[in-house]
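# fold the following.
(chains A and B)
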Amino acid sequence: MTRLQHPLQLLGMVLLLLAAWGASALVQVRVDRELAPERETPETLWITSGTTVRALSLGHQALLADIYWTRAVQYYGSRLRDRKTDFSLLAPLLDITVTLDPQLVVAYYWGSMFLSEKIPRGAGEPQKGIELLRRGIAANPDQWRLWHHLGFLYYWELQDYEQAAKAYQEGARNPDARDWMRVMAAAITEKGGNRETSLFLWSQIYQSTEDPTVRANAARHIDGLTAEGDIAELERLAQQFREQTGRSPASIAELVSQGLLAGIPADPAGFPYRLQPDGTVGLDTASTVELDYDRAPAPPAPAAR
Amino acid sequence: MIASQILAIARNTFREAVRDRVLYNLVAFAVIMIATALLFGEISIGIQKTILINIGLSSISIFGLLIAIFLGIGLVYKEMDKRSLYPLLSKPIRRWQFVVGKFLGLNLTLLVNTVLMSLGLWAALYYLTRSFQPEDVHIWTAIYFILLQLCLVTAVCLFFSCFTTPILAAIFTFLIYVVGSFAADVRDFGRLTENSALESLMSLIYYLLPNFSDFSVAGAVSHGRAVGGYLIVLNTAYALSYSSLLLIAAVWIFSRRDLK
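Below is the predicted model:
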């Protein structure tokens, strides 16, 4: 009898616990609903000074730096996801992160990119990105890739080719720097901004990251630049067609039948290019490639985790 | 003879800690390590290994600190409260041997606990990276510094437990730990005042307080950077000399206590 009672008592206890847990969860759902409007207010940063956070860390500043970096990534990702254009907390979060741990190189790499990317893909503050990178270089002189990122920001975001070439030159002095740093310095000095240089730089970003968000961003830029190159070449061939036949081609297929092309080319997303009535070449309406990716709307799905 | 008596007290202190289920904290540590290894790579960028090392080292330090304080405060008081101290001291054991034995016993507990947690950290690191890098060896330096720090905390705690109640000893030790973590700021504050008397006073306080801030090298080792050999020697010498100071003070106070 006692043996029978014992499992029953146990079952009763489990049910009681489950009921209490269910009740508390239900109440929590209500509380969440009640507080939802207040939680939508802008996020705040209670302590804005990295030095203060460092002092309060009681020796755990490296861990706090990781937490602040994660917070910066989450903040950036959530702004993108919610299509918000106010990134005002990004710079202070990054400042605290690198004050707590000046050797956290990833925070300089990607933090500067988050700050510099044009709205709506970033804070649109390349100068702050450059400041962050210069801090990173001062704290980590052995990290030649920081010079690469600095040169890239000057090149891509500010179109300041003189400063960009200088940054690549400085970085190339590091004994560990890759040879192409010197090549980039020379190419930018000679030609300024051109598609080949841009493609090379984005390819370096693509190859040097293991992060899927940054890699996807670089891939989209590479696709856009590749498509721009293809379009320029197709428009050159259309011009050649006009010179040969005395009329404009009606479609890209006509360029193929004229022997100017081996087949109908497709953009990096796999969609064929279209010859438009005005004689210019464009992308298929269904294509996911964006020619001016920086100014395109933010992606529908969360871009950063 | 003297050494064997001290070691016997130390062994007993260790056994008592194990009986008190102190090592159960390892379960919590394991959960933290597994959660970190699985979770942080998904919500951050580029710091999966760094954060695992930092969380691991901070957890070892915090768990160690809690154990040092909560066991340390009862080291002497509990023996007096339970009156188990009297039969012990009736044997040919000196009071200083009792204090030193207790100190070593608690440090042995912390050493075993830290070694087990460190093995957990290394296991999590292997799970995450599937290989060890030569620079990972510097993690041991950070773990060694945590042990030195815990040795200091134990000495502070033992010192207070010789003349006050466990609750007050816990509060005092924690406050000393907090203030000791701000030691450099205390000195800098004096310099900022530009008042020579105040600067001297602050410097005196700076050298009087145990300095806990110099033992924190997690940031460097998590980026694969080595810690200088000279700093290792200096930190070891500092922890040993300051702990000795507190231990001598604790022995002196405990020797003068009226235990009737």
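
# tell me the secondary structure at residue A:142.
coil (DSSP: H, G, I helix; E, B strand; the rest coil).

# which residues of chain A lie near chain B?
A:55, A:58-63, A:65-66, A:69-70, A:73-74, A:101, A:103-106, A:109-110, A:210-211, A:213-214, A:304-305 (Cβ under 8 Å from any Cβ of the partner chain). Where you see a C-beta, it was placed from the backbone N, CA and C, and this is true even at glycine.

# which among these end up buried?
A:58-63, A:65-66, A:69-70, A:73-74, A:101, A:103-106, A:109-110, A:211, A:213-214, A:304-305 (16 or more other Cβ atoms under 10 Å in any protein chain shown).

# what's the distance between the residue most central in space within chain B and residue B:110?
Central residue of chain B (Cα atoms, centre = their mean): residue B:150, 0.9 Å from the mean position. Remark: distance between residue B:150 and residue B:110 (Cβ to Cβ, to the nearest Å) = 5 Å.

# roughly how far apart are the residue of the stretch 101-250 of chain A found nearest chain B and residue B:124?
Proximity of the stretch 101-250 of chain A to chain B (Cβ to the nearest Cβ) peaks at residue A:106, 3.5 Å away. Note on residue A:106: its distance to residue B:124, by Cβ to Cβ, is 20 Å.

# would you mind measuring from residue A:133 to residue B:200?
43 Å.

# can you pick out the residue with more neighbours from the two?
residue A:133 (27 against 11; other Cβ atoms under 10 Å in any protein chain shown).

# the more buried one reaches residue A:115, doesn't it?
No: at 9.5 Å, residue A:133 does not count as touching residue A:115 under the criterion of Cβ atoms under 8 Å.

# the least confident helix or strand in chain B by mean pLDDT: which residues count as buried?
Lowest by mean pLDDT, DSSP states H and E among the helices and strands of chain B is helix B:85-90, with a mean of 76. Applying a neighbour-count criterion of 16+ other Cβ under 10 Å, one finds residue B:85 buried in helix B:85-90.

# export that helix to PDB, keeping only CA atoms.
Provided in PDB are the C-alpha atoms of helix B:85-90 (Å, rounded to 0.1, in the frame of the first residue of the first chain):
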ATOM      1  CA  LEU B  85      39.100  23.400  18.700                       C
ATOM      2  CA  TYR B  86      39.600  22.600  22.400                       C
ATOM      3  CA  PRO B  87      40.400  18.900  22.100                       C
ATOM      4  CA  LEU B  88      42.700  19.800  19.100                       C
ATOM      5  CA  LEU B  89      44.600  22.400  21.000                       C
ATOM      6  CA  SER B  90      44.900  20.100  24.000                       C
END
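
# helices or strands next to it in the packing?
helix B:95-129 (3 or more Cβ pairs under 8 Å, 6 or more residues apart in numbering or on different chains; DSSP states H and E).

# low-confidence regions, chain A specifically.
A:1-5, A:38-43, A:193, A:210, A:292-305 (pLDDT under 70).

# got the residue ranges for the helices in it?
Listed in chain order, the helices of chain A (DSSP state H) span A:2-39, A:50-56, A:61-81, A:90-100, A:105-116, A:126-139, A:144-152, A:161-172, A:180-191, A:195-208, A:212-245, A:252-257.

# return the most buried member of those helices.
helix A:105-116 (a mean of 26; mean count of other Cβ atoms under 10 Å in any protein chain shown).

# list the contacts of that one.
Helix A:105-116 is contacted from outside by A:65, A:69, A:72-73, A:76, A:87, A:90-91, A:94, A:97-98, A:101, A:122-126, A:128-130, A:132-133, A:135-136, A:140, A:143, A:145-146, A:149-150, A:153, A:157, A:211, A:214, B:45-47, B:223, using Cβ atoms under 8 Å, 6 or more residues apart in numbering or on different chains.

# what does the stretch 51-200 of chain B put close to chain A?
Residues of the stretch 51-200 of chain B lying near chain A (Cβ under 8 Å from any Cβ): B:51, B:54, B:55, B:57, B:58, B:61, B:149, B:177, B:178, B:181, B:182, B:185.

# mind giving me the ChimeraX command for buried ones among these?
In ChimeraX, a selection of the buried entries from those looks like this (16+ other Cβ under 10 Å):
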select /B:51,54,55,57,58,61,149,177,181,182,185
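
# can I get the residues of the stretch 51-200 of chain B next to chain A in CSV with secondary structure?
Supplementary listing: those in CSV, determined by three-state DSSP:
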residue, secondary structure
B:51, helix
B:54, helix
B:55, helix
B:57, helix
B:58, helix
B:61, helix
B:149, helix
B:177, helix
B:178, helix
B:181, helix
B:182, coil
B:185, helix
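
# assess the claim that residue A:71 and residue A:90 are in contact.
No: the criterion here is Cβ under 8 Å, and residue A:71 misses it with residue A:90 at 10.2 Å.

# returning to what we had before: the residues of the stretch 51-200 of chain B next to chain A: which two are farthest apart?
With distances taken as Cβ to Cβ, the most widely separated pair in these is B:51 and B:185, at 26.5 Å.

# now list whatever residues contact both of residue B:150 and residue B:110.
B:64, B:68.

# name the helices or strands packed onto the helix or strand hosting residue B:13?
Secondary structure from DSSP states H and E places residue B:13 in helix B:2-19. Applying 3+ Cβ pairs under 8 Å, 6+ apart, one finds that helix B:2-19 contacts helix B:95-129.

# list the buried ones in the helix it packs on?
Within helix B:95-129, the residues scored as buried using 16+ other Cβ under 10 Å are B:95-111, B:113-114, B:116-118, B:120-122, B:124-125, B:128.

# ranges for the helices of chain B?
According to DSSP H, the helices that chain B contains are B:2-19, B:25-43, B:48-72, B:77-81, B:85-90, B:95-129, B:139-161, B:166-181, B:183-193, B:196-208, B:218-222, B:229-256.

# just want the angle from the third one to helix B:139-161.
To tie it back to what came earlier, the one meant is helix B:48-72. 20 degrees (axes from the mean of the first three to the mean of the last three Cα atoms, to 10 degrees).

# list the helices and strands helix B:48-72 packs on?
Helix B:48-72 packs on helix A:61-81, helix B:25-43, helix B:95-129, helix B:139-161, helix B:166-181, helix B:218-222, going by 3+ Cβ pairs under 8 Å, 6+ apart.

# over to the last one?
Counting by 3+ Cβ pairs under 8 Å, 6+ apart, the packing neighbours recorded for helix B:229-256 are helix B:95-129, helix B:139-161.

# in chain B, where is pLDDT below threshold?
Short version for chain B, where the test is pLDDT under 70: B:41, B:259-260.

# in the stretch 1-150 of chain B, which residue sits closest to chain A?
residue B:46 (3.5 Å).

# ok, the nearest residue to that residue once chain neighbours are set aside to residue B:104 distance?
In space, and not counting its chain neighbours, residue B:46 is closest to residue A:106: 3.5 Å by Cβ to Cβ, 6 or more residues apart in numbering or on different chains. From residue A:106 across to residue B:104, the span is 43 Å (Cβ to Cβ).
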